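K.L.:
pasting a predicted model and its sequence here:
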Amino acid sequence: MNEWFSLFLNGDYGGAASGFEATCFIMVFSFLVGQCVGWTYMATHRGLSYSQSFVVSIVILPALVALIMVLMAGSLMVAFGLLAVFAVVRFRNVLKDTRDTTYILWAITEGMAIGIQRYSTALIGVVGITAIIGYLHITSFGSRHRFDAVLDFHLSGDLKKLQEGLKYILRRHCTRSLLASQQRIGADSTNLSYRVLLRDPSRGNELCRALENIAEISAVNLFLREDESEI
């Protein structure tokens, strides 16, 4: 433990360390930093647009960038070689998932490490990044279930008079609800859209029936989603 603490201070005060143990420390520390960045993003994100893939990429990228810097440390030729590799790589299709970009960066980094005969660094990188991705996959890191469904319906009549009954039904069937949009069609006609977290997703039809029993409500639609996603 004291050796790792010494490695932690070497970069700022005693010069950068190198070797197998130093590379392992760099991978672990960069992963912990990525976790802090990911948790902070999840806690502070606001709005309807959210992407679990982006959060996962945030956690993986510090470890990948740290591995690249280990390979480039003290070698100008390696730095120029990395720039040349990125200049040569071209993709005909636009990558829609940020994790795809992360995997491509990982593959390039591993190939570069093996190409310059840094075999131990390549091994640490493939084991470390695989462990990080496995952990993120098993724990489903970055997923948020603030809302798991979208509820749309048409309301005819005064919204204020029906508001108490509507709130009662939503509280009965949902642990959380948020009015996402409200569109007035006429003097006494409104289209409402709620984002809801159902108490039991398999009983969503009961929520629809409860709303349909109100004479002023029609065209009830419930769209289930597994998680918040990029819009």
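P.N.:
Everything's here; your move. Residues are numbered from 1 along each chain as shown.
K.L.:
mind listing the helices for the chain?
P.N.:
With DSSP state H as the criterion, the chain has helices at 2-9, 20-44, 52-72, 76-88, 98-115, 119-138, 159-173, 204-212.
K.L.:
what about Thr40, how many neighbours?
P.N.:
Residues near Thr40, counting by other Cβ atoms under 10 Å, number 11. To be clear about C-beta, it is placed using only N, CA and C from the backbone, and glycine gets the same treatment.
K.L.:
mean pLDDT and distance to Leu224 for the helices of the chain - can I get that in JSON lines?
P.N.:
Formatted as JSON lines, these follow (pLDDT from 0 to 100; distance: least, Cβ to Cβ, whole Å):
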{"stretch": "helix 2-9", "mean pLDDT": "60", "distance to Leu224": "47"}
{"stretch": "helix 20-44", "mean pLDDT": "86", "distance to Leu224": "22"}
{"stretch": "helix 52-72", "mean pLDDT": "86", "distance to Leu224": "17"}
{"stretch": "helix 76-88", "mean pLDDT": "72", "distance to Leu224": "41"}
{"stretch": "helix 98-115", "mean pLDDT": "82", "distance to Leu224": "24"}
{"stretch": "helix 119-138", "mean pLDDT": "89", "distance to Leu224": "23"}
{"stretch": "helix 159-173", "mean pLDDT": "83", "distance to Leu224": "13"}
{"stretch": "helix 204-212", "mean pLDDT": "86", "distance to Leu224": "6"}
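K.L.:
which one, of these, ends up nearest to Arg195?
P.N.:
When those are ranked by proximity to Arg195, the top entry is helix 159-173, at 11.1 Å, counting by Cβ to Cβ.
K.L.:
using CSV, list the CA coordinates for the closest one.
P.N.:
The C-alpha trace of helix 159-173 is given here as CSV (Å, rounded to 0.1, in the frame of the first residue of the first chain):
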residue,chain,number,x,y,z
LEU,A,159,-58.3,20.4,-16.1
LYS,A,160,-58.3,22.1,-12.7
LYS,A,161,-61.6,20.3,-11.7
LEU,A,162,-60.2,16.9,-12.8
GLN,A,163,-56.7,17.4,-11.4
GLU,A,164,-57.3,15.9,-7.9
GLY,A,165,-58.8,12.7,-9.4
LEU,A,166,-56.0,12.5,-11.9
LYS,A,167,-53.3,12.9,-9.2
TYR,A,168,-55.0,10.2,-7.2
ILE,A,169,-54.9,7.7,-10.0
LEU,A,170,-51.3,8.5,-10.8
ARG,A,171,-50.2,8.2,-7.2
ARG,A,172,-52.0,4.8,-7.0
HIS,A,173,-50.3,3.3,-10.0
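K.L.:
please begin residue numbering at 24 from this point
P.N.:
Sure, I'll start counting at 24 from here, so that last one is helix 182-196.
K.L.:
my guess is Gly148 meets Glu133, correct?
P.N.:
Yes: at 6.0 Å, Gly148 and Glu133 qualify as touching, with contact defined as Cβ atoms under 8 Å.
K.L.:
so Pro224 makes contact with Asp171?
P.N.:
Yes: here Pro224 reaches Asp171: they are 6.2 Å apart, a contact under Cβ under 8 Å.
K.L.:
do you know how far Phe77 is from Ile237?
P.N.:
With distances taken as Cβ to Cβ, to the nearest Å, Phe77 is found 40 Å from Ile237.
K.L.:
between Pro224 and Asp171, which has more neighbouring residues?
P.N.:
Taking neighbours as other Cβ under 10 Å, Pro224 and Asp171 compare with Asp171 leading, 20 against 13.
K.L.:
the more buried one contacts Leu221, correct?
P.N.:
Yes: taking Cβ under 8 Å as the definition, Asp171 is a contact partner of Leu221 at 6.1 Å.
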